[in-house]
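Visitor: predicted model follows, preceded by the sequence.
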Amino acid sequence: MQYSPQILRLQEQRKRTWEIAKAILDRADREKRNLSTEEDAAYLRANADLDALDERLEREMAREERDRESEATFAAIKGQPVVRGVPGVVESMLADEFRHRINSNSRAPIEVTWESPRSGYQPGIERRDLLTSSGGGLQGTTFYHQLVEHLVDSSAVLAAGATLISTDTGEALKVPKTTAMSTAAIVAEGAQIGESDPTFASTTLDAYKYGFMVQVSYELANDSTFDLLGYLAREAGQAIGNGAGADFMAGNGTGKPNGLVGAASAGKTGATGAGGAFTAEDLIDLYHSVAEPYARSRAAAWVMRNSTLGVVRKLRDDSGASAGTGGFLFDITPPPGSGAVGTLLGRPVYVDPNVPAVGTGAKSVLFGDMSRYWVRQVRTLRFERSDEYAFDRDLITFRGLWRADGDLIDTTGAVKAFTGGAS
């Protein structure tokens, strides 16, 4: 059986401690004498260390064994084939196993991993169509997929294609970045070549803990007509997604992530006296204020709140046509698998209630390469249970925990904003 590096280190430490204790006894035995006062004290210390190490080893090995059993169980369930034409078979199998774990009082945590965080459309969180090729209807998805899907759906930043990185530990992570690029110019023959150095800085990503708890009764947990897995996946994913997603969009970077709104640079400012409103020309200018490599990135997208989208949907392209007769700028057909609500100037649009509303001085519309916003998570999203927390009420308590941080790493203009003009 293969153990973790931590257990191997403990075993090596125990071996060294045991050899120290054995050497003390062997030396006294060779010299045919009793232990001296100093040797006796050293031997007792070594034995106390051995007892402590044995206790730690037993605890860590038991924990790893529980983790292996949990992973094996869910891996087997996730590997079950979907029966064509019989929706819900996989969910039923998983639900039965989940209830079995409840009845058997298993406390092993469920760790939800982001197995394929990139899609073919853009470098965002993977999203897959749920329709069968035969058109037979929606196929079942696993608890893992549901939980991550609800989390992503609740955060426009993740859905739009933020870059997700994972670390094993949660200490501050310093990420180097450039704030200005080198530039080249024509140099005459024999002339001195000018120096143009890039400007470097760094962004520190921390690990803020987002948590959520929900309680269900044993009756509901064992009721076959109650979709326990769907309920838990929806509640946990939405709760954590809403909490973290709000900070990814509007956080001020003090004790929380630095949100996309605050980090976005100025792209276009509206006309004075317009009350912060924008025109079709303003949005076209915003699009073209973003440098070409970012604007043509597969993760280039628009982000705004739903009320702002209502204004955008009424805008027309009146170039070459009478006012009010041109085609609408917004297309209600979203790119397949993107999770967007449609497209604007050929790029997907995502809505988020945390983006400011249209107003004077407000950054109401964002556009750019969303993959330049990085989300750092520590290990995985944890999903755990406790029977003791509400023992007196016969309730099972589930909790979801996610340690994450986020910031716009590229501040050279990868994401820009429309800002409402002065009143």
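Guide: Structure's in. What do you need?

Visitor: burial of residue 201, as a residue count?
Guide: 11 (other Cβ atoms under 10 Å). Quick note: C-beta positions are derived from backbone N, CA and C, even for glycine.

Visitor: how near is residue 176 to residue 358?
Guide: 36 Å (Cβ to Cβ, to the nearest Å).

Visitor: ok, residue 179 next?
Guide: 30 Å.

Visitor: same question for residue 337.
Guide: Residue 337 is 30 Å from residue 358, by Cβ to Cβ.

Visitor: quick check: beta-bridge partners of the nearest residue to residue 365 once chain neighbours are set aside?
Guide: Among residues not flanking residue 365 along the chain, residue 418 sits closest, at 4.1 Å (Cβ to Cβ, 6 or more residues apart in numbering). With beta bridges defined as DSSP bridges, residue 418 has these partners: residue 268, residue 365.

Visitor: and residue 418, how many residues sit next to it?
Guide: Neighbours around residue 418, by other Cβ under 10 Å: 28.

Visitor: the one 3 residues further on too?
Guide: Look at residue 421: counted by other Cβ under 10 Å, it has 19 neighbours.

Visitor: show me where the stretch 251-400 of the chain has strands.
Guide: Along the stretch 251-400 of the chain, the segments classed as strands by DSSP state E, counting those that start in this stretch run 265-269, 300-304, 316-317, 327-328, 330-331, 342-344, 347-351, 363-369, 373-378, 381-386, 395-408.

Visitor: ok so, going back, higher neighbour count, residue 176 and residue 358?
Guide: Neighbour count, other Cβ under 10 Å: between residue 176 and residue 358, residue 358 has more, with 20 against 9.

Visitor: that one against residue 276, yeah?
Guide: Yes: between residue 358 and residue 276 there is a contact under Cβ atoms under 8 Å: 5.0 Å.

Visitor: for residue 368, list the residues it contacts.
Guide: Neighbouring residues of residue 368 by Cβ atoms under 8 Å, 6 or more residues apart in numbering: 264, 290, 294, 295, 300, 301, 413, 414, 415, 416.

Visitor: return the closest of those residues with respect to residue 391.
Guide: Using Cβ to Cβ, residue 301 comes nearest to residue 391 of these, at 47.7 Å.

Visitor: how much space is there between that closest one and residue 344?
Guide: Distance from residue 301 to residue 344, by Cβ to Cβ: 9 Å.

Visitor: which of those two has more residues huddled nearby?
Guide: More neighbours surround residue 301 than the other of residue 301 and residue 344, with 28 against 25 (other Cβ under 10 Å).

Visitor: contacts only, for that one.
Guide: 122, 160, 161, 340, 347, 348, 349, 350, 367, 368, 370.

Visitor: mind running it again at 7 Å?
Guide: 160, 161, 347, 348, 350, 370 (Cβ atoms under 7 Å, 6 or more residues apart in numbering).
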